[in-house]
Each structure stands twice: as C-alpha cells, then as structure tokens.
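Asker: no sequence on this one, just coordinates:
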C-alpha cells in the first residue's frame, strides 16, 4: 500500500535531499527546521487497463454508452491531448493509444466511416510524426495519417475554424470547424495535474487565438488562485463558460485518465524514493548518475534526459459528460498528489527539472524555466500559496541562455526584445502581445513547422505573473546570471548565498519550505 | 568558469571525493540508517527480512565450509578447550535427517557439536541461529552462515520461519537449542516448543545432546574461552521418536527429559542415570532454587566425568 | 620646426600591417608602426587664401587607423602624397588673418582639398557644391591628397601646425568647447550620411556599428530625418548606452541582427545552406558604419527589397553582393561632407547633443603609441573618440 504524502521537518538525522535542476540534480543539505513536502507514494496502477477503458466506455458518467452514440453515416471526430502531456512521456503503449484503439474498434463495429483524429494543441507546436506514432500507436497512425485524417489542430487556419457564439461575458468561442460540425466529438485526455481536463480540453485545446485571448491574458492569470483549483481560477471560469456554451452545439464525449506518480524508470528509481530510505544500491546509482552527468557533454546529457520514458501506472479511466467525468478525475489526481501543509512560510524552495510541458525534445529556455518554477510549481497549491505574501522564492535551475530555434523562435525574440523593455506582464501585454500574435512569420512557423505560436511566450510569462505579484524576491541557484537578470531575477551559486540574498526580505532565520517535486504534488495549504 | 576547468580530471576527482564523502556522512555508511524524526510516523513497520542463506548450502559453499571447519574451527577449538565426546554410537542407529537438541550455555556449543559430529554428519548439518543476533548485520550473518551453516529463526515467538522444516525435508540435519538463548547461570532453563513441533511435523527423530562445562569455559559475556584448555563434555543420547499422532505439547517434555538424563548420565553413570530415570527422579537440570552465586559456583567447576571406577577398585 | 607624427612609405611595414592586421595591434602601435614622431619643417602658406592653423585637439578617425593597420584598400594609394602628417578632425586656432577671419579665430577644418584650395578652375562637382566629389584632388598648388591629413604639403592635425585654405575653414561659435568642436567634422559627415540615406517618413533604419561613425549617424538620423525605428548594432555596454542616448529605438548585439530585425519588421527569415541567415523583408535603410566584410554582409541581408544600404565606413572587400542584385538594393556611398550647410547643422548638433565625455581620451603627441592603441580598442574601453591634445605637446 502506498503511503500518503507528508511534510518532513529537516533535522540532524536527515540525509542530504535531492533537488532537481535542469538536466541534473544536486544533493542539498537544507537548514534544520526546513519543511520538505513529499507527494504521496505512487498509487498502484490499474491491473487491467483495457478492461477499465471498456468499462468506462460502456458505463459512462451521465451519458449514454459510447456504442449507443455511434451510428453509420455519422461524422465522428476524436481529439486528444498533445505532446505536452504526460511529463515525462509515457512508456509505450500510451494511454491515448489504448483508448483511441477501443473507440475506433467500436466505431468500426458500428459502421462509422467518417472519422478524423485531431491533436488538440491550441497554440502549441505541432506534433511530429514520430510523436504522433508514440502517442497513438502505429496502427492508428498508419490507418489515418497518410490520408490526412490524423492531423494537428491549426488555430490560425481561418477556413477550418467555426465561430460558435459568445458567452454571457462576451467571450468569443471559436473552435476547430471539423470538431464543431461533428455529430460526436470524443476527447481523450491525460490529466496529469488538476489544472488539465474538464472544459479546458475542448474549448481551449481546439480553440483559435481569437477565442484563447479571453482567458489567456495577464489579468485572468494574476487572478487565478490557483490554476490547480478550477473553482478559484479565473482562467478556468472562462473556459467553463465556453464549455457550457459549446455543449449545446456539439455532442462531446470526454474520456479522462489519471496517472500515478511512477515517474522515473530504472536506473533512476531512487528519484522516486524518500532519501533516508535509499538502499546502498540507490546511493550508488545516485553517485554514478551525478558523476556521469558531471563529465557528460551537454548534448549527451540532453539526450539521456529527453529519452526518459516513465513507467506510469493508470489510476483511473472515466468517460462521459465532461463535468461529471472531471469530478471523478480530479478526485483521482488529488488522491495521488495532494499533501496537507500547515501554514505558509517565508521562503519557498523549488527545484525545476529538465522538462516542462513546452520543451519536450528541446532545451528548457529561461522563459520556460520561469514558467515551470513560478507558474506550474508555484501554483501547485489549493487554498493559499506555500509562501507568504512578500516572501521569497528560491529556484534551482541552470537557466541556460539557450533557445530551440525550431520550437521556440518567438521566445528568443520575446527574451531579447520584450524582456529588455519590461518584465511587467500588463505592460508587456499592452505593448507587445498584439505584434507577436499577428507576426506572419511566427504564424507561418506555427502552421507549417514545429514552432509554438508567436504569442505563446506571453502566456508563459503571464503564468508566472501571479507568483511575481505575490512574492518579494526571486533568486535562482546555479543559474546563468545574464539570463536571469534579463528576467528581473537574481542568481546565486549556492543555497547559502541565496538565503543571504533574500535575508533583506525575509530576515536571517526565515521559515523555509521545499517542495520535493517531481513527482508532482499539490499542496493543500491550511 | 571555462569549460576546460569544468572538465579537468583533477577537479572531477576532487568533486567525486567530496560527493562520496557527503553521501557517506549523509547516509551513515557503516552505521545504522536513521529516519528523520518527522518521517517516523510514515515509516512502514519494518518487514522482518529473512537473510538469504541458501547460498551457504551450495556445493561450493559446502566444500569451503568443510575445509574451514576441519583445518580452522576444529584445531582452534581443540587448542582452546579440551572437548570430550561420548555417545556418538547412536548415530549409527539412525539415518539423517535428525534434529539435534542441546542445552545452551555458551557460544562454544555450536562449534562443539559440529566438531564432535562425524564428517558425513557434519557436512549435512545446519544450525538454527537467532535472527535478531546472528542475522542482524550482513557481515555477521554471512560469516556465521558460511562457517557454521546457520540459518535465521525468530526466537521471539510469532510464526516459525519455514526454513528449518524445509531443510529437514531436504535431508539436512538441524541443530536446535530449544532454550532460545544461552543460559544465564549455566543451568538449563525452559525449553520452547519449536523443536518438538519440528520433530512431529516432519517426523524426524530427536537426538538429545548434553553439554557440560562450556559455561565454565566460556560463559555469557566472554569473547574467548578461559585460558587453560578447560574440559568440555558433549554427550549424545538415544534418538527419541515422536509417536504416531503425538502432539508437540506431549512430545516436548520427552526431549527435555532426554537432555536432562544425558546431563545426569554424564555427571554420574549411565546405569545410575537410567535407574533414576525409571524411578522418575532424574535431577532437575534447572538446578535448585538456591542463591544465584551458589548456582553459578556449581556450574563454573570444571566438569568431572561420572564416577570413574577402577577396574580393580 | 615642429613636432609631428608622420606616416611614411615603408613596404615592409605595410606588408607587416597587412599581414598582422588588427590581430596583434600591439605590434603596429609598437615596433612595426608605419608612423614616426619627427621634428619637421612647419608647412608655410603657399598662396592667397591659405593660413596657418595651430591645432588644439585633433581626433583619431577610423580611416586613420585603417591606413595605419593596412586595412585600407590600395585604391587610395594614388590619392595621397607621402610622407604626410595624418589628422583631419581638427579644431585649431588661426595663426594668420585669413580673408574675413582674423588671426586667433577658433576654427574647425573641412579637410577636403578641393578645387578652390588647389587654385584650379572648379570642376563640375565643385561647381555644383559637392566639394567632396571633387575631381581635381591630385593636381594644383598642393601635392596630391584627398584631404588635409593625407597630403604631404599641408601638414595635418597630428602635428604642431598645418596650413588650411579659407574654403576649408569654419569659425567655431562662441561657447562651444574644444571637446565638442573637435567632433564637428565627424558630425558633419554624419549629417551628410543622414541626408544621403533618404529615409522615408517613419521608415525603419538599421545602423550597424556603434563607434563614432555609427553613433553620430544615429544622432543625425534621429535629429534630421523622420525615421521611425532606429536599431543600432552595438557590441559594448557603453556603446549601448550612448546609442540609446543618441536616439536609437533599440540596440542589438551583432549576432541578434537577423532575429531582431525580423521581429521589428515582421519579415520572413530564411537560412541558406551556407552563410548567414537573411530576411525577405527587412529595414528600409541600413547604414554600415563599420566597414567590415561581416557588417556589410549582414546589413545587405536584412534590408528589404528596394531598400537602401549606405556605406558610411570605408568599406572592406569580399561581402556577398547577391542581395544587392536579387533584392534590387540601392547602395549609397557617403564620403565627407558637401559644403558649408552640413557644417552649420553639425555646429548646432555639437552644441545641443549629449556629447559630454564623448572624447574619452586625450593624449599629448609623444604618447602616440598609447593613443593609437587606445583608439584601436576604443569600443571595448568605452571610448568613442580619442584625440591628440596638441597644446600640451608643444
């Protein structure tokens, strides 16, 4: 039986603890009294995943069984979460493949001919053929891709977007035309954090920029406390309004899945364990990994890390009407990730790993590192943030001054041009967002190459807005000084230095919390 | 930091040393791992892990042990004490596997029994040893498994591990000290049920062994036998078979009586002891309830062989 | 007799300079320098309109360094007369009355030795007011030499005295300090550059290089044209600050050029198999104020079709001209200044612009090696202009 998450208080018996930092990790001896938040141990996965899928499709929540919704001559569209999920990528077979194969089997049995499969990537980069094959499996890919029936959603293709209407708050809802005109839209999701899923799937994943800008802007992002709690997130409120409007126009059958915390495969299992329980073998693997990484050339390091595929177990499959399904899904996610923490602290320490949703198979550039630390990890709470208002955040990441020209062309320019002018999300939004969003070159790269949309770095920056608004000081340990300075942060070489630097804000003996993430966790701060 | 200095071998070695030292200190190499206080409530109850000893009964390990016992243990034992063995004839009357059951007063008992056994028996004999003491650390566990062919048993009640039974089924004879621990004053204490249960369950005979003088030679708390090559007596007794359908509870006293009789026999004569046994007044091996110094005094005297009668009196 | 730095003909030194180039500047300001400090005969006025000028400050120009370091095309070898005293950015004091200018007037020099100074009938260009395009710069009263500072007869700014013709002289207004006045000649060139660039209203401009030429061009563009966004390519921190102060909208590092220009102009960016990336689209006007092959190549690749590339520095050879043909670029040269009007504007700029501290090094003549060394790495050392202070040399 897996043990619940808990809060460790560092004492003199505590061994050094793992802190992730980009393509590597370090052992850190935290000051005595530091609180360390550990996620629950990985839950046991479902034994019979295929059976669970069948069960979910046949007995959906608040909906007729999928079989009953299929009929000959209908238009069926299947949309699925893109390459940004899960993290790290799942070892084959991917859960999306397993579900879609069953959906397609039922469709074939029901005599449905007109089927299209769409990667719901909103403004993310398009998925490469290899990535599509990994996510959907060779069978699905070979049956649909060559005929152009398996493709990436394009938020900038005016011919293939359909305007649905406006919500009572004036938000325009515009989504993929094929999806909008289908008799049935099946959405296959992977709910790795509580932020995903629900009405975030269709109204965001298949939307156009015109529709997205209503919830992806600095205002909603500052007012989302936090994204991990959709009832308190302005962004989710907007998406929910859109979803409810959309529901009246398109029949949506949602399939949501949840994963356990089994993130690190052999020989990195020690990263999944609590340090004081490491066996001699774990200690040896850790040392070997550390020393190997110290001499490995950076290209090799990147390859090693990007090749990590997690041996996830599936903790739940639910299907049916979106909101009913999502409720069950969230319960599963919180069962795996929620940890109760008593009260806030002065300093929050987070180790930013090598991978975020937006740099699969690419380097994590400074903006994504910031988004990962101050966006994802900082927002991983319910109730109130782990750090008090005006406190300090210390992040670990090398923050290399490096960008992928293939995936992140607009990030480079955002970093060089926009951040040089201002780091204030509202100012940035007002002065630059439009230019970037409409830049024909970015649009061209987004539509034809594998680039994130021109406006995407803005969203990343807005995402960190709540954290930047909340805390007084941000210091990066082990970071490239030039890169973090550009973003308005400071760099320190050790934790001691960082604590020294923030002592002006939080004093000499601050209370410290370190979130031991990954594996993912969500702090219930009381 | 230039890349060259970053990758310099000197630096690499230095950092490696630092990290190994950090891990060694953090994880208390060579000492017991500790759990942070706040993590203790979340620690799963320690699963009793059974130290694997099957390797110690592989042919290679057997061969090595044979050499170690013959050229190492035996001479060492004979150079520090003077073992005197009697009653080995009984082993010609039974075929293995058997259960050797002895009283237990000293660490000398195991090597004494093993070295007393004829080679063909010794090679097929394993020793039950307390899991919490002998199988506490890997080095002590593997050492004793290698030299004495020990296997772990839980002495604090609970479920009896499957090992001794399996060994009997595989044809190994097993040495068991039913007292579960070494005697505090050299006298016999309460016998536990384990040996009787094993004998009944696996239908093997019990060969009682009486050991005298090992308390005098090396009592509890000593790490080495007392100087002077003190005499230690080991006497093997007639095999005791559990009767058909006999309950362990009924069989256990017979084992204890067997050992008690041997101790009596060794101190007096076979004839006297037999007669006393028939009358039912074999002296109680637990000794009289007198002051503890008297109990220890009696046991620390070197054992003398039962009345040695001159051929011509 | 006067103390002067003299550049003389020396084949070995020229070859050494070519070979070593800018790589080991210490050699060229040290043992292999093609200049020497000498005592030589002061130049005497040769005719009507000529007067003696005692320099106060005399700037070290990029083209001077080019000549010293052997980077100048041999094209110019026919246009100079050796040995000469370099120095054409001069503020000095008149030693004689010169027509309407009384002795003791502070003057700056328009260095071009055109028809008027040479006492020949005016050529077509001079008649049209374009004295910088004069066709008679090798004939007449004085030895060949495109400018004062390249002519054996006139002397130059890097010496105790020179002679100048009335047509070259511009009186310095009261209240303009020497430090600012010495910048008037390069500013006038920048004014000329800004005029030649013909920036459309609101047009985007890229200035490659943030040395004196680039910075002054930025200043002149901002002050004199209706250019929209002016982007300046600068390497060093002090240059970045100054570029902003002089009116740049944004400052780029050399390796950012294609990306940032693309962003600013929303162009499309392509990467050929070899060579640098280029844009389809780009800036309306690009100014090469470095004169290196890389700089020219880079501005050619980011100028939009039909745009203009202005060569403000003395250009190097070897840049790929394909974009000129394919994108129908106008290449515009800009050399010195055309007449009095530019100087008047330059005086105004010199008075109003934030030029304090721009002359970042003043050296007496006898410390010429240090001075040249400083000038050669001026950008890195945060200096825009290094000048000889002739008064302390005498």
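Answerer: Noted; the coordinates are in hand. Everything quoted here is computed from the prediction, not taken from an experiment.

Asker: all contacts plus neighbour counts: C-alpha atoms, from now on.
Answerer: Noted.

Asker: Low-confidence bits of the chain, can you list those?
Answerer: The chain I'm using is chain A. A:1 (pLDDT under 70).

Asker: meant chain C, my bad for not saying
Answerer: C:20-31, C:393-394.

Asker: Near chain A, which residues of it are found?
Answerer: C:259, C:260, C:263, C:266, C:267, C:268, C:269 (Cα under 8 Å from any Cα of the partner chain).

Asker: What's the end-to-end length of stretch A:441-461?
Answerer: 21 Å (Cα to Cα, to the nearest Å).

Asker: Please apply the same query to stretch B:80-99.
Answerer: 27 Å.

Asker: what pLDDT, on average, does it get?
Answerer: Averaging pLDDT along stretch B:80-99 yields 88.

Asker: Mind listing what's buried along that stretch?
Answerer: Judged by neighbour count using 16 or more other Cα atoms under 10 Å in any protein chain shown, the buried positions of stretch B:80-99 are B:80-86, B:88, B:91, B:96-99.

Asker: burial of the one residue in the stretch 51-200 of chain A that gets nearest to chain C, as a residue count?
Answerer: In the stretch 51-200 of chain A, the residue that lies nearest chain C is residue A:156 (16.8 Å; Cα to the nearest Cα). Summarising burial for residue A:156: neighbours were counted as other Cα atoms under 10 Å in any protein chain shown, giving 20.

Asker: That one falls within a helix, correct?
Answerer: No: using DSSP: H, G, I helix; E, B strand; the rest coil, the assignment for residue A:156 is coil, not a helix.

Asker: can you tell me which residues contact the nearest residue to it once chain neighbours are set aside?
Answerer: Counting by Cα to Cα, 6 or more residues apart in numbering or on different chains, residue A:156 lies nearest to residue A:208, which is 6.6 Å off, once chain neighbours are set aside. By Cα atoms under 8 Å, 6 or more residues apart in numbering or on different chains, the contact set of residue A:208 is A:122, A:123, A:154, A:155, A:156, A:161, A:174, A:175, A:176.

Asker: Could you report the separation of the spatially most central residue of chain A from residue B:115?
Answerer: Residue closest to the average C-alpha location in chain A (Cα atoms, centre = their mean): residue A:357, at 4.7 Å. Using Cα to Cα, residue A:357 is found at 69 Å from residue B:115.

Asker: can you pull out the helices in the stretch 101-250 of chain C?
Answerer: C:115-118, C:124-127, C:178-181, C:184-197, C:212-224, C:237-245 (DSSP state H, counting those that start in this stretch).

Asker: can you list those helices in a markdown table and add distance to residue A:489 and mean neighbour count?
Answerer: Supplementary listing: the helices of the stretch 101-250 of chain C in a markdown table, determined by distance: least, Cα to Cα, whole Å; neighbours: other Cα atoms under 10 Å in any protein chain shown:
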| stretch | distance to residue A:489 | mean neighbour count |
| --- | --- | --- |
| helix C:115-118 | 61 | 22 |
| helix C:124-127 | 59 | 16 |
| helix C:178-181 | 40 | 22 |
| helix C:184-197 | 39 | 26 |
| helix C:212-224 | 31 | 25 |
| helix C:237-245 | 20 | 20 |
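
Asker: Please name whichever of the ones you listed is nearest to chain B.
Answerer: Here helix C:237-245 is closest among the helices of the stretch 101-250 of chain C (Cα to the nearest Cα), at 21.6 Å.

Asker: now for the closest one, which elements pack on it?
Answerer: Using 3 or more Cα pairs under 8 Å, 6 or more residues apart in numbering or on different chains; DSSP states H and E as the contact test, the elements touching helix C:237-245 are helix C:212-224, strand C:250-252.

Asker: Mind doing that once more with 10 Å?
Answerer: helix C:212-224, strand C:230-233, strand C:250-252 (3 or more Cα pairs under 10 Å, 6 or more residues apart in numbering or on different chains; DSSP states H and E).

Asker: mind putting those in TSV, distance to residue A:384 included?
Answerer: Listed next are the helices and strands packed on helix C:237-245 as TSV, based on distance: least, Cα to Cα, whole Å:
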stretch	distance to residue A:384
helix C:212-224	51
strand C:230-233	45
strand C:250-252	41
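
Asker: if we compare these, which one ends up closest to residue A:197?
Answerer: strand C:250-252 (42.0 Å; Cα to Cα).

Asker: how about that closest one: buried residues?
Answerer: C:250, C:251, C:252.

Asker: What is the distance between it and the centre of its chain?
Answerer: Strand C:250-252 sits 22 Å away from the centroid of its parent chain (Cα atoms, centre = their mean, to the nearest Å).

Asker: Confirm for me that residue C:294 is in contact with residue C:209.
Answerer: No: in this structure, residue C:294 is not within contact of residue C:209 by Cα atoms under 10 Å, at 11.1 Å.

Asker: which of those two has more neighbours?
Answerer: residue C:209 (29 against 17).

Asker: which phi and psi does the closest residue to chain B within chain A have?
Answerer: Ranking the residues of chain A by distance to chain B (Cα to the nearest Cα) places residue A:15 first, at 4.3 Å. Note on residue A:15: its backbone torsions stand at phi -70, psi 170 [degrees, to the nearest 10].

Asker: so how many other residues sit close to the residue in the stretch 201-313 of chain B that chain C sits nearest to?
Answerer: Here the stretch 201-313 of chain B gets closest to chain C at one residue, residue B:223, 77.6 Å apart by Cα to the nearest Cα. Using other Cα under 10 Å, residue B:223 has 9 other residues around it.

Asker: Make CSV from the contacts of residue A:208 and add distance to residue A:278 to it.
Answerer: Output for those, formatted as CSV (distance: Cα to Cα, whole Å):
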residue, distance to residue A:278
A:122, 42
A:123, 42
A:154, 47
A:155, 48
A:156, 50
A:161, 53
A:174, 52
A:175, 50
A:176, 50
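
Asker: what about residue 154, how many neighbours?
Answerer: Using chain A here. There are 27 residues near residue A:154, going by other Cα under 10 Å.

Asker: hmm, I had chain B in mind actually
Answerer: 18.

Asker: repeat for residue C:292
Answerer: 19.

Asker: before we move on, what about residue A:470?
Answerer: Residue A:470, neighbours per other Cα under 10 Å, totals 17.

Asker: what's it in contact with, if anything?
Answerer: A:222, A:385, A:387, A:388, A:389, A:390, A:391, A:392, A:464 (Cα atoms under 10 Å, 6 or more residues apart in numbering or on different chains).

Asker: give me that answer again for 6 Å
Answerer: Residues in contact with residue A:470 (Cα atoms under 6 Å, 6 or more residues apart in numbering or on different chains) are residue A:389.

Asker: Can you tell me the element residue 211 falls in?
Answerer: As the question left the chain open, I've gone with chain A. Remark: residue A:211 resides in helix A:209-212, with elements defined by DSSP states H and E.

Asker: please go with chain B instead
Answerer: strand B:206-212.

Asker: who touches that strand?
Answerer: B:98-102, B:232-237, B:239-240, B:258-259, B:262-263.

Asker: What about these, which are in strands?
Answerer: B:99, B:100, B:101, B:102, B:232, B:233, B:234, B:235, B:236 (DSSP state E).

Asker: Could you give the number of residues near the closest residue to the fourth one other than its chain neighbours?
Answerer: It stands for residue B:102. Nearest non-adjacent residue to residue B:102, counting by Cα to Cα, 6+ apart: residue B:209, 4.5 Å away. By other Cα under 10 Å, 28 other residues sit near residue B:209.
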